[in-house]
Structures are given as structure tokens and as C-alpha cells.
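In: I would like to see how this sequence folds:
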Amino acid sequence: MPVLHVSHLSVSPRRAAVVFAAALLVVLAGCGKGQPTAAGGAPGGAGAAPPPPPEVGVIVAKASNVGLVTELPGRLEASRIAQVRARAAGILQERLFREGSDVKAGQPLFRIDAAPYTAAAQSAQASLARAEANAVQAKALAERYKPLVEANAVSKQEYLNAVAAQKTAEADVAVGRASVQTARINLGYASVTAPISGRIGRALVTEGALVGQGETTQLAVIQQINPVYVNFTQSANDVLKLRRAMEAGQFKRASGADAASVRVVLEDGSEYPMPGKLLFSDLTVDSTTGQVTLRAEVPNPNGVLLPGLYVRVRLEQAQVSNAITVPQQAVTRTQQGDTLMVVSPDGKTSTRKVKISAAQDNQWIVLEGLQPGEQVMVDGFQKLQMMPPGATVKAVPWTPIAAAGAPAARAPAAGTTPAAGAAPAGPAAAASSPAAGQPAAAASAPASAAKQ
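Out: I've put the predicted structure just below:
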């Protein structure tokens, strides 16, 4: 019995290994047959379903009236500029304003030594008093001679001399009054006032300086910056093309409340919130540059726009009737012409030649070659390069990148992180779980064999 027991223990592991190897071959053969069937629906991939058509982003062409907005370079200028000058000669005694502040018309700005002008005014007043006294005496003498000449008590010549003296005295009174007025005006020039309301700059002279001696010395500059002017230029060739297109009926003159409105774009690319209005277009062309000068008026209540600042002006000069706009990335521009891809309702793509007018807010204005309601391909061009000719595509509405990226950026915050994490956890769980119950048995079998 002990001998038989020992031989039984030596034979049992071999038989177990043979049985395990046969079972493993059966499992592997079953897995090899199931994979092609699941992938292709038939062994070896025969009769596999064709791949779905690739998705391409499209927009539907819509006709509308599109305004032709021209962007031109310009420069800001104060609406009114006044140079404050000294009209009286003398020593500048005091500055009466704060540099860079807003001043009102008539506000005193500088004070010049007024002593000489005060003395001149008093002298003129005294001369006037003397002339008035002489006029009174001459008038009395003429009135006294009048009845005497009628009675032949005095000669007519003496009477005429008295009347002439009276008139001369009255003329001297008028001259004296004018001299007094002139002296008062010169005395008023000693106090320099603001000619207009606006913002004053820095003082160009200091206290103690001699001003107005032989010339009118400039003391400061006042500018009105509300409203402010913007001067800009446009090529005369562009103006002629625009007028010809209007005459041909391609464009029509802009109408409505915003017909002559302009928008100012600052140096940092931001748009000034308040629109301006076009004042005039010059009638002559600059012979050196070939440009036509235009001027617009822009409100500036907060003083944001400063004179001398370079800006860009957006001006709507015309409108295109029944025009179609497409994104610029949808149009291919070559020397042979402009083309775009059109997707038919059955998913077929075709190349279409179009006529482009101008760019408007990253959109091309299509004048010819495209009809309203047609689907224009905007995205997915790389997918067509990998497809055979004549392949169909699936048209889906195109969304701009800025709008499409916003939901993706907000997805983690919307509480979708667990769902995203569950996707990669699935394959890991599938790998660790028994596939049809076979890999687990295979993994445990070697372990038991090792123990044996």
C-alpha cells in the first residue's frame, strides 16, 4: 500500500499539467474566433460595413444688405485753438491759473504791470475835462454873439469865428473821449483773459519776464477738445471706384441714422464708445499724396481723446444689396480667382468660383457665384484630402472657434469630471475582470500548478 500511494502522487501532477494545457488551447482558440466576428461581423473581416462619411462644418448662405465699412488712418485735432498773447507791453507780475486745467472765456490768466497804462488813462481823462471846459466857453460865446449880430452890434465875422470855435471845442471833446476809451482798453490789456473756454496748457513765460515789447508775446494755448475733430485721408482711386460702383448699381449710398456716422479705433485696438459724424469731404486731391481729406466730429465729454493722437476711423460709405458674407477661411484666393467649396443636399462637394468685393469683420462679401440657401464648407478640408474623389460628406453646422471652445473650457466646472474619469476606468476594469471567465482561470491555474 505505501508503494502504490507514492506512485499515485508522482503521476498526478503530470496529468494535471496535460489537462491544463489542453484547456488553455481551447480557450485561446475560442478567443481567436470571436475577435474577427465582433470587429467585422464575419470571420476575417469579410463583408465589413463601410466607414461613416466624415463630418465637415458648413454655413448656410444668406442674402442681406451689407454696409461697406472703410477703415482709414486719421489724427485727432482740437475743435478750437486759441493762442493767449500779451497785447500790452510790460513786466509779467502774476499767473492766475493752474496749468492743464479747464478755463472759462473771460477768466483772468495773467497780470501785467498796469502802472503806465493807469497813468495814461488818467492823462486822457484830464485832457477830456479840459476839452469839455473849452467847449462850454465856446458855446456860451457863440450864443452871446447871436442876438448881437442880428442887431448889428457885432460884425458877422466875429459871430462866425465864435461859432467855429464852438464846433472846434466840441470836436476836441470827442477826441478826448476817444483817448479816454483807448487808454481804458490798453489798461484792460494789462489783465490777460481767456479768449475761449477750454483746456489750457503750460505757461510759456514766467513771472518777471518782459512781454509785449515790440511784438505780441505768446503766453499759453487754450484748446477745446469737446467735441474733437478727426482728420483722415482716403485714396482718390478708392473714391473713384466707389463712385463708379454706385453709378453701375452694384452699391447704393448708405442711408439711415448711421449713414454719416464714424467710429474711432484707438491705438490699442479698442473702439471708442461714442460715434461721430462726418462733417465734410474735401473737393481737391493732394497733389503730393493723391489723397482726399475728410473730417469728422466726435464727442469727447470725458477728455479721453487728446489732440495729436493717431487713430483709425471706420466709415460706412455705401451698402451692398442682397450680398452674402462667408468666413474668410472658406475662400481660397489664387491668381486664377477666388473659389469655395459647396456641399449639396446629398453630401457631394463641388468647387465654385465666386467674386469677392471686400472684407468685413473677418467675412468676405460675395457678389457673384453663390446663391442663398447653399451650404458653404468652412471646416474639414483636411478630411477631404484623405477621401477618394466623389466621396460624400456629412454637413454639420459650423461654430466659430471662440464659441466652440467656451463650452469645452467650462465642461470640468459643470461637474462632468467623474464622467470623464469613468471612461479610462472602464478599460482598466475590463482588463482586470475575467474576459468570458477564461483569463481568470488561466491566471489561477499556473498559481496552483506552482504550488504543486
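In: helices or strands next to whichever strand in the chain runs longest in the packing?
Out: Selection of the longest strand in the chain by residue count, based on DSSP state E, yields strand 63-85. Applying 3 or more CB pairs under 8 Å, 6 or more residues apart in numbering; DSSP states H and E, one finds that strand 63-85 contacts strand 198-200, strand 218-235, strand 291-298, strand 310-327. (Each C-beta comes from the backbone N, C-alpha and C, glycine too.)
In: buried ones in that strand?
Out: The neighbour-count check on strand 63-85 (16 or more other CB atoms under 10 Å) flags 66-70, 72, 74, 76-79, 82, 84-85 as buried.
In: of all the residues you listed, which two lie farthest apart?
Out: Maximum pairwise distance among the buried residues of strand 63-85 (CB to CB): 52.3 Å, between V66 and R85.
In: ok so, going back, which among the buried residues of strand 63-85 gets closest to R111?
Out: Of all the buried residues of strand 63-85, V84 has the smallest distance to R111: 13.0 Å, by CB to CB.
In: check the spacing between that closest one and T288 real quick.
Out: V84 sits 34 Å away from T288 when distances are taken as CB to CB, to the nearest Å.
In: buried residues of the strand or helix carrying Q125, list them for me.
Out: If you go by DSSP states H and E, Q125 is part of helix 115-150. By neighbour count on 16+ other CB under 10 Å, the buried set for helix 115-150 is 117, 120-121, 124, 127-128, 131, 134-135, 138-139, 141-142, 145, 149.
In: excluding chain neighbours, what is closest to P307?
Out: A78 (4.5 Å; CB to CB, 6 or more residues apart in numbering).
In: for A296, see how far away the one you found is.
Out: For A78, the distance to A296 - CB to CB - is 14 Å.
In: pLDDT of the longest strand of the chain, averaged?
Out: On average, the pLDDT along strand 63-85 is 88.
In: so how far is it off the chain centroid?
Out: 12 Å (CA atoms, centre = their mean, to the nearest Å).
In: immediately after that strand, which helix or strand?
Out: strand 90-95.
In: adjacent strands (with direction) for the helix or strand that that next one is followed by?
Out: Where DSSP H and E defines the elements, the next helix or strand beyond strand 90-95 is strand 102-103. Using DSSP bridges, strand 102-103 pairs in its sheet with strand 198-200 (antiparallel).
In: tell me what the helix or strand just after the strand it pairs with is packed against?
Out: Next helix or strand after strand 198-200 toward the C-terminus (DSSP H and E): strand 210-211. Applying 3+ CB pairs under 8 Å, 6+ apart, one finds that strand 210-211 makes contact with strand 90-95.
In: the strand it packs on pairs with which strands?
Out: By DSSP bridges, strand 90-95 pairs with strand 108-112 (antiparallel), strand 210-211 (antiparallel).
In: can you get me the centre-to-centre distance for the shortest one and its chain?
Out: Just to be clear, that refers to strand 210-211. 46 Å.
In: need the contact partners of that strand.
Out: Strand 210-211 has contacts (CB atoms under 8 Å, 6 or more residues apart in numbering) with 86, 89-92, 112, 205, 217, 219.
In: okay, those residues in TSV with neighbour count and distance to Q328 next?
Out: As requested, those are exported to TSV (neighbours: other CB atoms under 10 Å; distance: CB to CB, whole Å):
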residue	neighbour count	distance to Q328
A86	23	60
A89	20	67
G90	19	67
I91	14	68
L92	22	62
I112	23	65
V205	16	57
T217	18	58
L219	22	55
